[in-house]
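Engineer: Quick one, what's the 3D model for this:
(chains A and B)
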Amino acid sequence: MNLRIAGMGWVTPLGRGIDSVWDRLLRGDHATAETISDSVSNKAYSGFRVPSETLKDLPPHPRLRRASAISRFAAAAGLDALTQARSTIGEIDMERMALIFAVSNGGVIYTKRFYHDVVESGAQAASPLLFPETVFNAPASHLAAILGIAGASYTIVGDGAVGVLAAKMAADVIENERLDGCLIVGAEEADWLLCDAYHKWRLLRKKPPIELFSDPPRGTILSEGAGAIFLGGKGDVQIEAIDAGGNFSQRAQAGKIAQQILHRLADHNACLIASANGTFVDLAERTAIEKELPEAIVYSPKAAIGESVGASALWQIIVAARALRTNRLPSTSGAREIACKKAIVISCGLNQQAAGLRLSI
Amino acid sequence: MPTFNDLDGKTLAPRVAIVAAGVVSPLGLGLNNSLSALKANRDCILPVTAFEVGQCRCKTAGQVPDEVLDQHLNGRKSRRLHRASKMMIAALDELRNQDPEFAPELTVIGTTSGGMSFGQDYYRALHRHRGLRHSPQWIANYPPQKPVIDAQETCGISAPCQIIANACASGTNAIGHAFECVRSGKYQRVLTGGYDAISELVFVGFDSLQASTSERCRPFDRDRSGMVLGEGAAVIALENLERAHARGAKIMAEIIGYGISTDNHHLTQPDPSGSGPRRAMEQALQSANLTARNVDYINAHGTATVFNDAAEGKAIRELFGKVPVSSTKSMIGHSLGAAGAIEAVVCLLALQAQLLPANLNFSNSDPNLDLEIVANESRPAKIDIVLSNSFGFGGTNASVLIQKYAA
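Structural biologist: From the prediction side, this is the model:
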């Protein structure tokens, strides 16, 4: 498998751009939480949102005129990754490229608006403009139209691990269809409804900080944005192995699956980019790491930029790639020097899926 | 007739066998009931009972009765799960009974809306500020991967799941990707298929677009006026043919080609030229090393909307000329993410029974679509290779070719 990361794009609550977000993480910056409320309830939640000025320079494509936030995040990250890929590998033949879009909750803002009208006023109030944007693959469709991708385009849905599963799918699609490359984009938008759902599911905490690996877990904060990687044959960071992992029925089983994944991906020269987010995931990963890679340097970006679910594994992959390129990782006391030539990404989702991959430089 | 898929002109790629299948749809539960319904040209479209449709233009859909689904589960589990999970369990249970040894390395399933009605229940409870006691259960059973994981767990299967949500093409995309994974030699066994359960949000959405009809669903008819929705689940066990043969598995048919294309014309409407569907069908033929003349029957996407049928019909006419075509959505409705999977099973049954399934409610040929429609009644035919099409919102187009297995 010669899968190399030729370009990356990053849209986060800490801003947009690989270098810019990475510098802020290394400085120890954490996103600022906003209060998220909704007219349907008097409850309010904290969430990390993408600053509005971040997307100001998006191209004025007709597809983005009415598009949801998630589509705009995806477009920004995807375009940035493609721009970077062009500087790495030169001209890209769009005919020989696939798009894989990873998502968990999808266009929840427009879906809520659409259904709210139906609940309030009946079916005749349903908006034909909003409905198409509620479909999971709407962001992928917009992105394909903007980039001119006319071949394979897949939207893959799952939990926080979906970004790794998308990478696995990309590896298969590139090989099966003998393509030159694949753009993988993961995106999510934050909304009150999601916050309320995750709160009712006892996964959310009221306000920051996200306390990683605390026992008992104190909950996470939802965030939004997008991550994109362009996989091709060139680039200094290689995806060495992808483990599609498995599914757990009970949260208590998550540690066992995570351990199996780490066992298969283990490399003692690797740092580990975890998906710990202040929930049961932390305990699962801690158990697995203690058993399989007890000496590894471990970092999770979620304390700083929150749980972005469908985008989160792409964010982890970007962190892992930057760590290998810069020989540094963020830590609570500022940037930390590392000497790893490999990085393992483990992603344990909140809805029964877990997967991982290993990068090298 | 070609029997091998030649990827690069030299190396013969592994052949991909269908070794088991399971289905639940408005046609009934299981392959046998489905075949009987196809032979009987059964119109399964009935008034919607699951939610209020008084304000909608369309008031009918193809639906799976709850009692059909509950027979696979004990009462307690049955109450907790979403109908989509129950459909997946019913379909996968049938597959497992056919081939208990089938242990997939990967599962690829298509859907569009997961446990959508639980999301609706949750939002309605929020809106009326009461009845939220069940919300953790609704939320836990809402994600699209949940019905697949539930079904795998119930049937003793443990494989990583890739859930494809390419709108109405999801099921065919899932089968096509699974096929390519086995044909590449990287996987020996992949479980694939699709599911979707009818929901108010999606029903009202299509109604708001005026894509659904208040009349009968009449694909490719001159006077077609729109689609009706459906629901169901279908799963197919794909295996490297040599391996399947070696372990004595029953080989039901082969998948021999897959095509995928993206039409960037519009989020919800196809390019009127039919170029998107045409590219998917051409690519499927190319992937199977076939020409259009080799195809004996096309199970069309055929939603019965004016624009979709026009674009697909044009592409079929230009590429294949005269070939028997039907849309079985006229019998069962459009089951969205399940459609491609259910229709692949319909193709499988058609190959096994040597039957062309009917395109119901067909009265008048569309002068702009010179197609050989299998009008209103199924009929016997010698068929070896069939094509199944699925096209969806977002411009996703997918086609798979299925071949009768000759030992």
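
Engineer: Every contact and neighbour count from this point should use C-alpha atoms.
Structural biologist: Fine.

Engineer: where's B:T107, which helix or strand?
Structural biologist: B:T107 belongs to strand B:106-110 when elements are defined using DSSP states H and E.

Engineer: Pull up the gap between the closest residue to A:H263 other than its chain neighbours and A:S121, please.
Structural biologist: Nearest residue to A:H263 in three dimensions, chain neighbours excluded: A:E292, at 5.9 Å (C-alpha to C-alpha, 6 or more residues apart in numbering or on different chains). A:E292 sits 56 Å away from A:S121 when distances are taken as C-alpha to C-alpha, to the nearest Å.

Engineer: So which of the two has more stuff around it?
Structural biologist: The residue with more neighbours, out of A:E292 and A:S121, is A:E292; 21 against 11, by other C-alpha atoms under 10 Å in any protein chain shown.

Engineer: and whichever residue of the stretch 251-361 of chain A sits closest to chain B, how many residues sit next to it?
Structural biologist: Residue nearest to chain B within the stretch 251-361 of chain A: A:N351 (7.6 Å; C-alpha to the nearest C-alpha). By the criterion of other C-alpha under 10 Å, A:N351 has 23 neighbours.

Engineer: do the same with A:S87
Structural biologist: Neighbour tally, A:S87, other C-alpha under 10 Å: 11.

Engineer: Helix or strand for it, just tell me which one.
Structural biologist: helix A:69-89.

Engineer: ok, now B:E67?
Structural biologist: Short version, using DSSP H and E: B:E67 is in helix B:66-70.

Engineer: I would like the residues contacting the next helix or strand after that helix, please.
Structural biologist: Per DSSP H and E, the first helix or strand lying C-terminal to helix B:66-70 is helix B:75-80. With contact meaning C-alpha atoms under 8 Å, 6 or more residues apart in numbering or on different chains, helix B:75-80 is reached by B:D70, B:K86, B:Q137.

Engineer: ok, those vs chain A, which is closest?
Structural biologist: Out of the contacts of helix B:75-80, the member with the shortest distance to chain A (by C-alpha to the nearest C-alpha) is B:Q137, at 8.7 Å.

Engineer: and that closest one, what does it touch?
Structural biologist: Going by C-alpha under 8 Å, 6+ apart, B:Q137 touches B:R80.

Engineer: Flag every residue of the stretch 251-400 of chain B that's near chain A.
Structural biologist: Neighbours of chain A within the stretch 251-400 of chain B, by C-alpha under 8 Å from any C-alpha of the partner chain: B:I260, B:S261, B:T262, B:D263, B:N264, B:H265, B:L267, B:T268, B:F393, B:G394, B:G395, B:T396.

Engineer: Please spell out the ChimeraX selection for the buried subset of these.
Structural biologist: Only the buried entries of these go into this ChimeraX selection, using 16 or more other C-alpha atoms under 10 Å in any protein chain shown:
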select /B:260,261,262,263,264,267,268,393,394,395,396
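
Engineer: In a markdown table, list the residues of the stretch 251-400 of chain B next to chain A along with pLDDT.
Structural biologist: Below are these laid out as a markdown table (pLDDT from 0 to 100):
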| residue | pLDDT |
| --- | --- |
| B:I260 | 96 |
| B:S261 | 94 |
| B:T262 | 93 |
| B:D263 | 89 |
| B:N264 | 87 |
| B:H265 | 86 |
| B:L267 | 85 |
| B:T268 | 84 |
| B:F393 | 88 |
| B:G394 | 86 |
| B:G395 | 91 |
| B:T396 | 94 |
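
Engineer: Restricted to strands, list the residues of the stretch 251-400 of chain B next to chain A.
Structural biologist: Assigned to strands by DSSP state E, the following of those qualify: B:I260, B:S261, B:T262, B:T396.
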